[in-house]
Structure formats: C-alpha cells, structure tokens
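Asks: Need a 3D model of the sequence below.
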Amino acid sequence: MALALEEEHRYLAESVAAFAARADGIADARARETELAAGGLPASWDQLLRQRLHAIHLPEDHGGDGAGLMELAVVVEQLARAMYPGPFLPTVLTSALLAEAATGGDVAAGTAETLAAFTAGATGAAVYDGLTAVADADSWRVSGSTGPVLGLPGAQIVLARAVVDAHTDVWLRLDPAALEITALDGVDLTRAIGTATVNDLTVGADAEVAGLTLADAQWVRAVLLAAEAAGTTAWTRDTAVEYVKTREQFGRPVGSFQAVQHKAAMMLVRSEIAAAAAWDAARAADHAADQRALVTAQATVAALPAGIDNALECVSLLGGVGFTWEHDVHLYWRRAISIASLAGSEELWAVALGELARTAKRDFTFVDADTLPALRAEVGEILDQMLTLPDDAVRSDGWAPERGGSRRALLAETGLVAPHYPAPYGRAAGAPEQAVIAQEFAARGLEQPTTVIGEWVLPTILEHGSEAQKQRFISPTLRGEIVWCQLFSEPGAGSDLAGLSTAARKVDGGWIVSGQKVWNSMAHEADWGVCLVRTDPDAPKHRGISYLLIDMKAAGVDVRPLKQATGLYEFNEVFLDEVFVPDECLVGEPNQGWRLAVTTLSNERLRMGGDLGHGSSDRFRTVIEQGDHSCSREEALRALGHSTSRELALSALNLRGVLARMNDLEPGAEISVAKVYNALAQRDGSRDLLRLLGPTGAVLDPVDDHAIDHIGLPAILFGGGTVEIQLNVIAQRVLGLPR
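Replies: Numbering: from 1, shown residues only. Have a look, this model is predicted:
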C-alpha cells in the first residue's frame, strides 16, 4: 500500500507516476550524470514545473497550490519510485521549510519574495548544521563549514540554520554566490551534493526567517526522506518479485523456492513499514510538538534503513545481473544509502526516540472529542451506571476472560462487549463508532471486555452458524457465561491444519469424534471448544473437514495441562475418545469446515497483529526507571527507542488499515504483515531487553520476570501460524509467487 489512502491522494499518485514514466528520469540520469552532479536540471524540469509538482505544498497567498506536506510526500514517493533525478527533493524540502515558517502569522517581505521565487521554479538547498552566527547591530555575521548538503551545488536559494549560542539559533537566507561551495562525489549518482564554507559573512536582518524551529525543520526533512524511502522500497520490492516470478532454475521459477519467497515477503513487510512510518510522520502537520518529535525520530529509525535493506535484498534476488552497473537497482541502493546518511545517525535517532518515549506516547486516535456526541453521551452514561454495580465477576489466574457478573451483563445487554457485531449482539459499530466507544472506556480507566478465544470463534458462528447456534452461544459468551478454547492443532499437524487426523464418523443424531489435539490455550478452563475434524477420509486434505462445537465436559474429553519451559501451565493437550457431538453442534455443512476455519484464523491474526506483549516498550521503561540495566543509560535508551519504533510501526500500520477500509479500499496485506512484524518485534524486543540486564537477568524476578518473558516467546512465534507460514501466505497470496 502506497502513502496515498484518500481518493484525491490516489489520483495525485497516479498522475505523478504517469509524469515520471514519461520523464524517464533514469535514462536522463545515466546520460547526464556529470551535469546533474554539478547541479544541472533534469531534461523534464520544465514539464515538472508546468505540472506544478514543485508548488503543490506552497501557500496560495504566495502562488502555490495550498496543499500540505502529506500531498507533497505523495509526490516525493512516486518520483522516488521512478528515480527522478536532479534537485527536486532538496528544492521542495527548502521551500517546505519556508512554508512551515509562514504558517505562524505575518510573513516578512523577504520570506514572501522567496516563496514566490520557489513557486516560479527556483531551486534550493537547506543547511541544518555547521554554521554559527553572531549578532552585529541590524545584521548577522555568519561563519563555518557545512557537512554534505543535498542540492547545494546549483542551488539558487540557500536556507541555512546558524547556531547563535547553546540555546539559540537563527534561520537565514543566504546568497549562494557568497558561499564557497564545493561539489562532492555523491553516493547518489542522480543529483548534486556539496559543502559550503563561509567566513564572517555579513547578512542583513531582512534575510532572517522567523517562525521556524529546528524541531519543525527536522520533522519536514524526516517526512520527505521517509517518503523517498517508501518509494525506493516499493520499487526494489516490485522489481525483485517480478524477476523471481519468471527467472527459472532447475526447471522451476526461482520464486517457487521457499527461501526466495521468504526474502520477497520480508521485502513487502519492510516496504509496508516504511510507508506507514512516512505516512504517520506526514499526518502530524497539526499535531502537538511532542507528537511531531516522536514521528520525526520514528520515520528516521523505521523508514530509512528499510530502503537500504530492501535494495540489498533486491540485488540478492536478482543475482549477478543485479550486481551490474547496467541494472538500475544500484541507483536505488545508492539513493537509499544517501538519504539515510543525510538524516543523521540511525542509532542517535534511536536514542532520541527512547528519550522521548520515556514520557510521551503517540496518539493514534482518529476521532476527536466532538465526534458522534450522542453515542459518546450514551456510552458514557452506560459506563457510569456500570461503575455503580458490584464488581462480582469471577476472574481467572490464566488467560481466560472473567466469568459473569452484573457489570459484564450490562455491557453485553447494551452491545458494548463486541460493538462491531450486528444487533442484537452488538451495535454494528464501524471504525469511528468503535473508536468513540474505546475512548469512553479509556476516559474512565476501564479496559474493554474481551471473550479471548471467543473473539475468533463468534465471528465464525455469526457468519456460518444456524440461528439456533447464534442464540445458544453468542449472548452467553458475551455475558461471560461461556469460555471457549480452540481445538485445531495436532501433534502431527501443527501449522499444516489441513493434515489433521482427528476423525468424526456419522451416527444417528450426530458424530463420534476420536483423536488428539495439542497446544490448546485455556482448554482446562473452557466450557466449549471449536474443533476441526476429518469427516471424509477419502477427500483431498483441504476437503473433507468439518467444524464442530464440542462440550468440554462431555464424556470422552480428557484435558491434560502442559507445563511449558516457563514453568507455567497455559496450554493443554486434549484427548477425544469416542466423544459424541450432536448434529446441532455442526457449524455449516459437512466437509466444508476448511472455509469456516479460514474465517476463524483470519480473526485470530487480526487480533494478534495489534498487540505487543513480549519485549514491550513498557518493560524497557521499567528497567530504565529502576536503573536495572548493566550498560550505559544511552545504550538503554537506544534499546527503548528501537522497541518504541516497532510499536509505532505496528500502530501506524493498523491505523492505515482501518482508514483504508473507511476509504473503501480493498483489504491489503496489512493483516499478514502485522502478524509477521508483530512476532518479529516481540522476538527482537525481548532479546534486546536481555542484553541490557547483565547479572540480574540470571535471577527470577517475581514482578518483572524479563527472562521468563523471553522464554515465553514461542507462544507468540507459533500461535496463529508461525512466521514462516505467514511469509508463505504473503509470498503466494499477496505477491502472487508460484507455489
């Protein structure tokens, strides 16, 4: 999924992509490499200006089109995907900084004149570091040497930040002719880069640009660089996938080999994360300063490295042809390296993100306090009433949901246990309604109720069950009177569910079930289990499977808890010895259970893709606050930053999925991508946490047992389908690689 979600943004992206295809920037860059490195313009520059792509984000009062940074990011992403050469990025970055300064109120004459020049097609470059300024009456004296600055050679307008003292800086418009500019050999062969040196240059006060802070300037840069990274990751992904679909080895397309499929699927994961980070940064235009600071660091940590990693993986999948000068992939690789470097050290940005994450959290709400006031008032009244009732639910020591209670009964009666369910079980709540309900729970410090396994089972009954089954199971489950378990996996058929051997034979009035299930969460506490059984042994393995509801107290059901490596009992093995299941507990038709199982599994994956338990940022915060780390504070903050980055990426990805559906887009890869990334994030976060602990990690802690948290990872890495199974799904069903 590209940055564009809204319809007008999708049209914009299509238009820019069409222009970029006509411009054929790669051919232009290859033909005029020396000229572009010196600051020359691409051959299609005049057409780009006529398309007004350079002015889409500039204020209408100054001749621009009056859009915002999100629209500019969409343009940047599409041009980067086509490797458009020349000074476009440094120019729009510089003009966007001026536009950001102009949002604060009155615009000085010099700033207005410069904005008009950009609208007319002037090129620019922005200097963030290396210069100092000393006030001298009504002017500034500027000195220093910059590091490498993109677009500096050939720039007609230079906007530079100069440090005044430890707490003050000033942004100035500098005349490029007054600077000693040195063109450098850039890693990116398609555009110019250079340094500037100045010694005691006098700059009039009228050159000062008021209303621009370093934080705002870093945010603008992060948005645009991340948008470029999203474009390059998409191109390298698509190029690799198309190649492995057709390249044959050993008589087969190489894309049919699992190792290749997993590489390609991970390329999709990276590109989705890069796009989500860039999009989340761009949408922060009207957000508070702490929110902008979070997304600035996040875009740099999450999106920019993905461009480098995907480019290298693309080369590895292309093989020798990808390592040639003639293939375009090295141009994308070079650009990815260039923009990631220009943003600053990834590790320092991770430290900055960790420091921010100690006290700030990203707001991913997409409704405000005035959204759906009638619903908000109604839900608030119900919750206030609920709080007056006794808290008489029976709670489990394990994962099972609370049982019964007057509070739960009220929530079920009013459709607030599963508000997205249709009436009479829920409120048929769409995304905005669900968000408002969630806010009302949160405002009172309440957790929304869950049916745990029931959240995967009940949607299947709603979609495929009989009316009698709906009436029998749905409302009691919502009231907490029924607890469910899932009887899918078997000792000989874990992720390969279609290979199950538990059999059911037809008898008068029902079915006799025999077999063994394993890794069944909550089976020792469950009232009912949803069970896949083979009812036609002669049918191909995806056929001949039926979907039964089994009373866990029925004769012949033997539940044996399994002690895990953690020392806990959270899973079970279940033996089914001639268990009678009446006909009314068959969901759907006989031998059609696989289709129902897919409904159940898709709900499981959606839920599991949204949370981060093991290695969560909260654990890192606790370690830092308590001083339990055996490393430097900076190293601990860096680890917190990376953990936070993973959580922010997941949240942005999930929010994009919600908004895409609200904009009538077809569901994309986000469910499987979120499942894969969630599992990897928990694995990496939990391992990073152990790296901080030192000797304390060797001792069990009754409160913050981080080591046991790590040992519990298999529950996530296996549950709902292993990472490898999910990579297969992405490769074959999303990317279309051959089986």
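Asks: CA only for contacts and neighbour counts going forward, please
Replies: OK.
Asks: Okay, buried residues for stretch 35-52 please.
Replies: Neighbour-count burial for stretch 35-52, with 16 or more other Cα atoms under 10 Å as criterion, is recorded at 35-45, 48, 52.
Asks: Keep only those of those residues that are in helices.
Replies: E35, L36, A37, W45, L48 (DSSP state H).
Asks: thought Y128 was touching R161?
Replies: Yes: in terms of Cα atoms under 8 Å, Y128 counts as a neighbour of R161; the distance is 5.2 Å.
Asks: More neighbours: the two, which one.
Replies: R161 (25 against 18; other Cα atoms under 10 Å).
Asks: Doesn't that one belong to a strand?
Replies: Yes: checked against DSSP: H, G, I helix; E, B strand; the rest coil, R161 lies within a strand.
Asks: and the spatially closest residue to it that is not a sequence neighbour, what helix or strand is that in?
Replies: Of all residues not flanking R161 in the chain, W171 sits nearest, at 4.4 Å (Cα to Cα, 6 or more residues apart in numbering). Using DSSP states H and E, W171 maps to strand 168-174.
Asks: one step back: possible to save the buried residues of stretch 35-52 as JSON lines with distance to I512?
Replies: JSON lines is the format used below for the buried residues of stretch 35-52 (distance: Cα to Cα, whole Å):
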{"residue": "E35", "distance to I512": "79"}
{"residue": "L36", "distance to I512": "76"}
{"residue": "A37", "distance to I512": "77"}
{"residue": "A38", "distance to I512": "80"}
{"residue": "G39", "distance to I512": "79"}
{"residue": "G40", "distance to I512": "79"}
{"residue": "L41", "distance to I512": "77"}
{"residue": "P42", "distance to I512": "74"}
{"residue": "A43", "distance to I512": "76"}
{"residue": "S44", "distance to I512": "73"}
{"residue": "W45", "distance to I512": "75"}
{"residue": "L48", "distance to I512": "72"}
{"residue": "R52", "distance to I512": "71"}
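Asks: In a markdown table: the residues you listed, plus distance to L727 and pLDDT.
Replies: Listed next are those as a markdown table, based on distance: Cα to Cα, whole Å; pLDDT from 0 to 100:
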| residue | distance to L727 | pLDDT |
| --- | --- | --- |
| E35 | 44 | 96 |
| L36 | 41 | 96 |
| A37 | 41 | 95 |
| A38 | 44 | 95 |
| G39 | 43 | 96 |
| G40 | 44 | 96 |
| L41 | 42 | 97 |
| P42 | 40 | 97 |
| A43 | 42 | 96 |
| S44 | 40 | 97 |
| W45 | 41 | 97 |
| L48 | 40 | 97 |
| R52 | 41 | 96 |
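Asks: Burial check on T246, number of neighbours?
Replies: T246 has 15 nearby residues by other Cα under 10 Å.
Asks: That one reaches P253, doesn't it?
Replies: Yes: with contact defined as Cα under 8 Å, T246 reaches P253; the gap is 5.7 Å.
Asks: Output the below-cut-off pLDDT ranges for the stretch 101-250 of the chain.
Replies: Counting by pLDDT under 70, the stretch 101-250 of the chain shows low-confidence ranges at 104-105.
Asks: is it true that A125 lies in a helix?
Replies: No: A125 is assigned strand when assessed by three-state DSSP, not a helix.
Asks: My read is that it contacts G86, right?
Replies: No: between A125 and G86 there is no contact under Cα under 8 Å: 11.9 Å.
Asks: Overlap of the contact sets of those two?
Replies: G151 (Cα atoms under 8 Å, 6 or more residues apart in numbering).
Asks: re earlier: which one of the buried residues of stretch 35-52 is nearest to A207?
Replies: For the buried residues of stretch 35-52, the closest approach to A207 (Cα to Cα) belongs to G39, at 23.8 Å.
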